[in-house]
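Chemist: Sequence first, predicted coordinates after that:
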Amino acid sequence: MDRIDARYRNFKERIKKLGYIKAETIQIKKIMEKISDFGMMSDAGNKKIARAVAQAKSEQDLKKRLVKISSMAGGKYSEAEEDEVYQRALDAYASVAKGTQNRPDANILVQLGKFKDLSKDGEVRTDDMKKSKVKRDDAVKVYDTLMKVRAPVRSKYLQLLQKDKKSFDKAFNAILKVAR
């Protein structure tokens, strides 16, 4: 298996040197790993938003790119100007998630769901790679409350929980107050 991996790696490096794999494509894939759904109606629209996030130099530049996308193809991507799409693109632009945090099991909802199976307290890791200690019963209450809420509202709370330790603590306590 080691030889196959080495050959594959060598093949990828050669393809990259020839210009078939562009660095821009790699950046877009990394952004799509962080946030795969920006709220666009099609996958092509989501990829256009991810490309805009990858190429943006600042928040104002990102906003200009989204306005430009919204007028493309006779209004086919008109939802790119909506606030929700802009906010998700801004989150992807400012995201600090790296390495192991990009894996699906690092999703905050998955981490909270694991507490249903555990019988003890544990930790939850946010995108800034900091851990927060969480009591099992509180985590289960927050998880159940989030699952009762509609998906658009849930995704907004999950973004707050996932962002960093400070926003996690704030949102977690707010949801916990409602759950009781």
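Modeler: Done, it's in.

Chemist: Quick one: neighbours of Met147, just the number.
Modeler: 11 (other C-beta atoms under 10 Å). (C-beta placed from N, C-alpha, C; glycine too.)

Chemist: Checking Lys133 next. Helix, strand or coil?
Modeler: Look at Lys133: counting by DSSP: H, G, I helix; E, B strand; the rest coil, its state is strand.

Chemist: show me the contacts for it.
Modeler: Applying C-beta atoms under 8 Å, 6 or more residues apart in numbering to Lys133 gives the contacts 121-123.

Chemist: Would you reformat those as JSON lines and include pLDDT, neighbour count and secondary structure?
Modeler: As requested, the contacts of Lys133 are arranged in JSON lines below (pLDDT from 0 to 100; neighbours: other C-beta atoms under 10 Å; DSSP: H, G, I helix; E, B strand; the rest coil):
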{"residue": "Asp121", "pLDDT": "91", "neighbour count": "13", "secondary structure": "coil"}
{"residue": "Gly122", "pLDDT": "91", "neighbour count": "16", "secondary structure": "strand"}
{"residue": "Glu123", "pLDDT": "92", "neighbour count": "10", "secondary structure": "strand"}
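
Chemist: For Ala23, state which of those is nearest.
Modeler: For the contacts of Lys133, the minimum distance to Ala23 (C-beta to C-beta) is 35.3 Å, reached by Glu123.

Chemist: wait, doesn't that closest one sit right on Lys135?
Modeler: No: Glu123 is beyond contact range of Lys135, at 11.0 Å (criterion: C-beta atoms under 8 Å).

Chemist: Now Leu118: closest residue in space, sequence neighbours ignored.
Modeler: Closest residue in space to Leu118, ignoring its immediate chain neighbours: Arg136 at 6.0 Å, by C-beta to C-beta, 6 or more residues apart in numbering.
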